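Trainee: Got a predicted model here, sequence first, then my questions.
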Amino acid sequence: MTTPSAPELIVQRQLDAYNARDIDALLATYAPDARQFEHPGTLVASGAAAMRARMALRFAEPNLHARLLQRVVMGNIVIDHEEVTRTFPEGAGWVDMVAIYEVVEGKIVSASVQVSNKRLA
């Protein structure tokens, strides 16, 4: 059995905060100037204020939950494959998501996500 790395622990704290809908705990895992991207390079949020506004909308969804399917750690890069339960305009469902996190000095400095395979309940 291997011991989790510091970057892996930071990303796990971020996932736990996401599932708890705890925006302050989630933002505490990110650097103040962190950036979020839609893979491969579309900037969707830059800095804590933009991330807070973006996540506040997401956290309003009644059935929001991310289930970790697989995690790969390569130094300070953590790659998660998740199934995310969401509330879409047309109803509840799921998407598959791959997130690539870069962790520097104990904080996530960038996150790039690819979402696909939307399914309705």
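Mentor: Noted; the coordinates are in hand. If you're wondering where the values come from, they're calculated on a predicted model, not measured in any experiment. Numbers count the residues shown, from 1 in each chain.

Trainee: Please identify the nearest residue in space to residue 40, excluding sequence neighbours.
Mentor: Among residues not flanking residue 40 along the chain, residue 112 sits closest, at 7.1 Å (CB to CB, 6 or more residues apart in numbering). For every residue, glycine as well, the C-beta is placed using N, CA and C.

Trainee: Distance check, that neighbour against residue 49.
Mentor: According to CB to CB, to the nearest Å, residue 112 and residue 49 sit 20 Å apart.

Trainee: okay, those two: which has more neighbours?
Mentor: residue 112 (20 against 11; other CB atoms under 10 Å).

Trainee: Now for the more buried one: which residues touch it?
Mentor: With contact set as CB atoms under 8 Å, 6 or more residues apart in numbering, residue 112 has these partners: 36, 37, 38, 39, 40, 41, 99, 100.

Trainee: so which strand or helix has it?
Mentor: In the assignment (DSSP states H and E), residue 112 maps to strand 107-120.

Trainee: before we move on, what about residue 16?
Mentor: Taking DSSP H and E as the definition, residue 16 sits inside helix 6-20.
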